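Kindly generate the corresponding structure for this input.
(one chain, ligands or ions: 2)
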Amino acid sequence: MAKIFCIANQKGGVGKTTTAVNLAAGLARVDQRVLLVDLDPQGNATMGSGVDKRTLPLSVYDVLLESASVAEARARSELGGYDVLGANRELAGAEVELVDLERRDQRLKGALAAADADYDFVLIDCPPSLSMLTLNGLVSAHGVIVPMQCEYFALEGLTDLVNTIKQVHANLNADLKIIGLLRVMYDPRITLQSQVSEQLKQHFADKVFNSVIPRNVRLAEAPSYGQPGVVFDPASRGAQAYIEFAREMVARIATM
Ligand code: ADP
Ligand code: MG
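Residues are numbered from 1 along each chain as shown. Ligands and ions are numbered 1, 2, ... in the order given. Coordinates of the predicted model:
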């Protein structure tokens, strides 16, 4: 059975897509079968996987509107070694089109159930909002991975996400929980960051992943080559950290 995780944080630019793409590639390197679902109309996870969003015959949009199955709409990241349910600007319209449809928050869940046997991991890259798209992700998932920078206001920004997760847990998906907070773009030389990191560990204990993703320019460069950082420069510190995180996730699902 596939374990399904949302990569979510309602802030933009916090490393969601970088985490989704590199965790997918890291998991593929340790022989896991992975589907990456791009739920952001910007399509960054799609492009960052080397799949051209402009020429997708079918995308997650068609899956949400139930005009295609996951098996029909998925593409392959040849370099990354995983499948991609891609997104492009068409997806921005889904929000409006779903409003009048029944089971509008259950569409992705139903579609993923039909592809369950094909994967060990399904990773869902969520947009920076708590929209109907994100709701489809949260309803589908076993857990949420929250990438965050160790900044002063990082925790405050989590309140809305935590409340949404509680509501989804209570009303729509009793499986849902926060799997963990992932410290990203981390620079231990910045005193504030190491202080916030310590506070996170004190406050959230085992909800903070052991793996820490450093700020690393190779991770930022990789998308412009249409590659996950893990593939673009596997020896870089950023890539190594995501491979380590992939191993941590494999160990984590063994206990779920
Ligand atoms: P989000 O999906 O949350 O909007 P992104 O993953 O797109 O965030 O990251 C925002 C920006 O930060 C991108 O330019 C990305 O390349 C860069 N970035 C993300 N993680 C790192 C990192 N660990 N080191 C350096 N740059 C990073
Ligand atoms: Mg993103």
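
and the gap between Cys6 and Asn173?
11 Å (Cβ to Cβ, to the nearest Å). Every residue, glycine included, has its C-beta placed from N, CA and C.

any residues in contact with both of those two?
Leu138, Ser140, Ala141 (Cβ atoms under 8 Å, 6 or more residues apart in numbering).

that older thread, which of Cys6 and Asn173 has more neighbours?
When neighbours are counted by other Cβ atoms under 10 Å, Cys6 comes out ahead of the other of Cys6 and Asn173, with 30 against 19.

Now that one: which helix or strand?
When elements are defined using DSSP states H and E, Cys6 is found to belong to strand 3-7.

That strand pairs with which strands, parallel or anti?
Strand pairing for strand 3-7, using DSSP bridges, gives strand 121-125 (parallel), strand 143-148 (parallel).

Past the first one, which element shows up next along the chain?
Taking DSSP H and E as the definition, the helix or strand that follows strand 121-125 towards the C-terminus is helix 132-140.

Output the set of residues of this structure in proximity to ligand 2.
Residues of the chain found near ligand 2 (Cβ under 5 Å from the ion) are Lys16, Thr17, Asn44.

hmm, 8 Å instead?
Within the chain, the positions adjacent to ligand 2 are 12-13, 16-18, 20, 40, 42, 44-45, 125, 127-128 by Cβ under 8 Å from the ion.

so where do the strands sit in the protein?
Per DSSP state E, the chain has strands spanning 3-7, 34-38, 75-77, 82-85, 121-125, 143-148, 178-186, 208-214. These are given in chain order.

Now do the second one: everything it contacts.
When you say that, I think you mean strand 34-38. In this structure, residues lying in contact with strand 34-38 by Cβ under 8 Å, 6+ apart are 2, 20-21, 24, 27-28, 44-46, 49, 60, 70, 74, 77, 80-87, 108, 112, 115, 118-125, 137.

Now do that strand against helix 132-140, angle only.
Relative orientation of strand 34-38 and helix 132-140, computed by axes from the mean of the first three to the mean of the last three Cα atoms, to 10 degrees: 150 degrees.

Strand 34-38 pairs with which strands?
Strand 34-38 has the following sheet partners, assigned by DSSP bridges: strand 82-85 (parallel), strand 121-125 (parallel).

of all the ones you listed, which lies closest to ligand 1?
Distance to ligand 1, taken as Cβ to the nearest ligand atom, is lowest for strand 121-125 among the strands paired with strand 34-38, at 7.0 Å.

how close does Leu138 sit to ligand 1?
When distance is defined by Cβ to the nearest ligand atom, to the nearest Å, Leu138 is 16 Å away from ligand 1.

same question, Gly143
18 Å.

Now do that residue: how many residues are near it, please.
Neighbours of Gly143 under the rule other Cβ under 10 Å: 19.

ok, for it, nearest residue in space, not its chain neighbours?
Spatially, and ignoring its direct neighbours in sequence, Gly143 is nearest to Ile179 (3.7 Å; Cβ to Cβ, 6 or more residues apart in numbering).
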